[in-house]
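# Pasted the sequence and its predicted model underneath.
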Amino acid sequence: MTGTSGERAREFMEAALALSETVRGSTSPNPPVGAVVVDREGRIVGRGATQPPPGPHAEVMALREAGDLARGATAFVTLEPCSHYGRTPPCTEALLAAGVSSVRFAVADPHPVAAGGGRVLAEAGVEVESGLLADEVASGPLGAWLHFARTGRPRVTWKYAASLDGRSAAADGSSRWISGPVSRAEVHAMRAGADAIVVGTGTVLADDPWLTVRDGRGEPAARQPLRVVVGTTGIPSGARVLDTAAETVHLRTRDPVEVVAALAERGVVDVLLEGGPTLAGAFVRAGRVDRLIGFVAPVLLGDGLAALGEAGVSTITEAHRWRVEGVTMSGDDVRIAAVPATGEEGS
């Protein structure tokens with residue numbers, strides 16, 4: 001593997017990871033994978049990322065670009081190449097046909113049908129290594145898909161904005177804008193990478209949100225996630241979520257478990273929960289929040305609406321405990337990312 005060891009190898013996998021980021025949100029139910037093909041001199045001769053279904057996988061895209069230069073080369077792939085026939089032939093077959101001499105992948109495929117590609121390649125005489133940048137890949141674009149593959153459920157991220165004293169709105173119900181412009185731009189980036197945005201009918205009635213991804217000029221982006229409204233109350237015919245900017249589904253239930261199951265049936269992998277405190281509390285209570293991202297603004301509101309509603313906690317011993325994964329600044333706001341500490345939620 002001339003030119004593909006040590007720091008150079010990390011650079012190549014980082015390039016594959018960057019490619020996977022470019023297709024986040026557009027590949028479900030397939031994983032957003034990135035791949036690069038590197039020749040014996042250490043030059044990237046092919047780049048690829050998973051295309052929307054039923055398009056080619058990342059390895060095939062990279063091999064197409066590499067052409068004959070793939071023979072004897074090394075493929076760097078963020079996920080173990082698949083070894084089964086689905087909508088497309090196995091990527092292992094494409095790699096073998098191209099004549100690559102080695103394959104390095106970051107994360108093993110947990111899918112019971114698609115797994116085993118590394119073994120197939122090794123048995124065919126290809127040098128195979130795994131684990132390079134595994135943590136970075138698993139916590140990046142592949143995170144939601146890995147959760148889906150392991151649990152059969154979409155990964156639900158609860159996103160909220162709150163004041164320093166934990167309020168999501170002032171006493172009169174006004175909430176625009178608690179967070180600053182940098183945080184709001186980050187939320188649009190999160191929406192762009194999600195398959196679906198979920199809110200309750202109460203939020204639709206109170207705020208009439210658009211729930212779209214918008215660019216720097218405020219215009220709708222070309223690709224929009226599914227808009228999902230939860231609740232038994234009807235949606236007014238003039239509500240913005242019913243316009244043609246994106247598809248909208250109204251799930252007439254208050255049960256988060258039913259909501260998540262219905263989205264799984266649609267092939268939804270990555271869910272952004274943006275509902276108000278009542279819906280958020282219901283999801284937490286039902287164990288259907290897999291991670292949270294909170295934007296805490298440097299303001300105090302006193303009396304007002306709490307960020308989280310009734311969550312099944314009557315005493316401190318029943319508290320839902322979380323492990324903080326990261327704390328960063330988002331403009332003037334503090335961005336907190338956390339996951340369940342005990343596996344209670346999202347288990």
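Received the coordinates, thanks. Numbering: from 1, shown residues only.
# CA atoms for contacts and neighbours, from now on please.
OK.
# Can you show me the helices along the stretch 201-347 of the chain?
Per DSSP state H, counting those that start in this stretch, the stretch 201-347 of the chain has helices spanning 201-207, 256-265, 277-285. These are given in chain order.
# Single out the most deeply packed of the ones you listed.
Among the helices of the stretch 201-347 of the chain, helix 277-285 has the highest mean neighbour count (mean count of other CA atoms under 10 Å), at a mean of 22.
# could the helices of the stretch 201-347 of the chain go into a markdown table alongside distance to residue 327?
Shown next, in a markdown table, are the helices of the stretch 201-347 of the chain (distance: least, CA to CA, whole Å):
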| stretch | distance to residue 327 |
| --- | --- |
| helix 201-207 | 28 |
| helix 256-265 | 28 |
| helix 277-285 | 21 |
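# which is the next helix or strand following the longest helix along the chain?
When the chain is parsed with DSSP state H, its longest helix is helix 6-22. Moving toward the C-terminus from helix 6-22, the first helix or strand encountered (DSSP states H and E) is strand 34-38.
# helices and strands around that next one, which ones?
helix 6-22, strand 44-49, helix 58-66, strand 74-79 (3 or more CA pairs under 8 Å, 6 or more residues apart in numbering; DSSP states H and E).
# ok so, going back, comparing the helices of the stretch 201-347 of the chain by mean pLDDT, which bottoms out?
Of all the helices of the stretch 201-347 of the chain, helix 201-207 carries the lowest average pLDDT, namely a mean of 90.
# before we move on, back to that, right, and the helices of the stretch 201-347 of the chain - which one's nearest residue 115?
Closest to residue 115 of the helices of the stretch 201-347 of the chain is helix 256-265 (CA to CA; 20.4 Å).
# ranges for the strands of the stretch 51-200 of the chain?
Using DSSP state E, counting those that start in this stretch, the strands assigned to the stretch 51-200 of the chain run over residues 74-79, 102-107, 127-130, 155-163, 167-170, 196-200.
# Buried deepest among the ones you listed, which one?
strand 74-79 (a mean of 32).
# Worst mean pLDDT among the strands of the stretch 51-200 of the chain?
strand 167-170 (a mean of 90).
# Run me through the strand neighbours of that one, direction for each.
strand 304-306 (antiparallel) (DSSP bridges).
# Off-centre distance for the partner strand?
Here strand 304-306 is found 29 Å from its chain centre; the criterion is CA atoms, centre = their mean, to the nearest Å.
# what's across from the residue nearest to residue 63 when sequence neighbours are not counted in the sheet?
Spatial nearest neighbour of residue 63, chain neighbours left out: residue 46 (6.0 Å); criterion: CA to CA, 6 or more residues apart in numbering. Applying DSSP bridges to residue 46 yields these beta-bridge partners: residue 37.
# Same question for residue 129.
residue 104.
# How much space separates it from residue 138?
Separation of residue 129 from residue 138 (CA to CA, to the nearest Å) stands at 17 Å.
# One more: residue 14?
According to CA to CA, residue 14 and residue 138 sit 13 Å apart.
# Between those two, which has more neighbouring residues?
The residue with more neighbours, out of residue 14 and residue 138, is residue 14; 22 against 19, by other CA atoms under 10 Å.
# Please name the residues that touch the nearest residue to the more buried one once chain neighbours are set aside.
In space, and not counting its chain neighbours, residue 14 is closest to residue 133: 7.9 Å by CA to CA, 6+ apart. Under the criterion of CA atoms under 8 Å, 6 or more residues apart in numbering, the neighbours of residue 133 are 10, 13, 14, 106.
# now the second one: how far from residue 30?
Between residue 13 and residue 30 the distance is 20 Å, computed by CA to CA.
# With neighbour numbers in mind, choose between these two.
Remark: of residue 13 and residue 30, residue 13 carries more neighbours, 26 against 19, as counted by other CA under 10 Å.
# Just list the residues touching the more buried one, thanks.
Each residue near residue 13 by CA under 8 Å, 6+ apart is listed here: 35, 36, 76, 77, 78, 106, 132, 133.
# could you redo the last one with a cut-off of 10 Å?
Contacts for residue 13 (CA atoms under 10 Å, 6 or more residues apart in numbering) come out as 7, 19, 34-36, 75-78, 104-106, 132-134, 137.
# Do you know the pLDDT at it?
Listed pLDDT for residue 13 reads 97.
# How confident was the prediction at residue 53?
89.
# Double-check it against residue 88; I have them as touching.
Yes. At 9.3 Å, residue 53 counts as touching residue 88 under the criterion of CA atoms under 10 Å.
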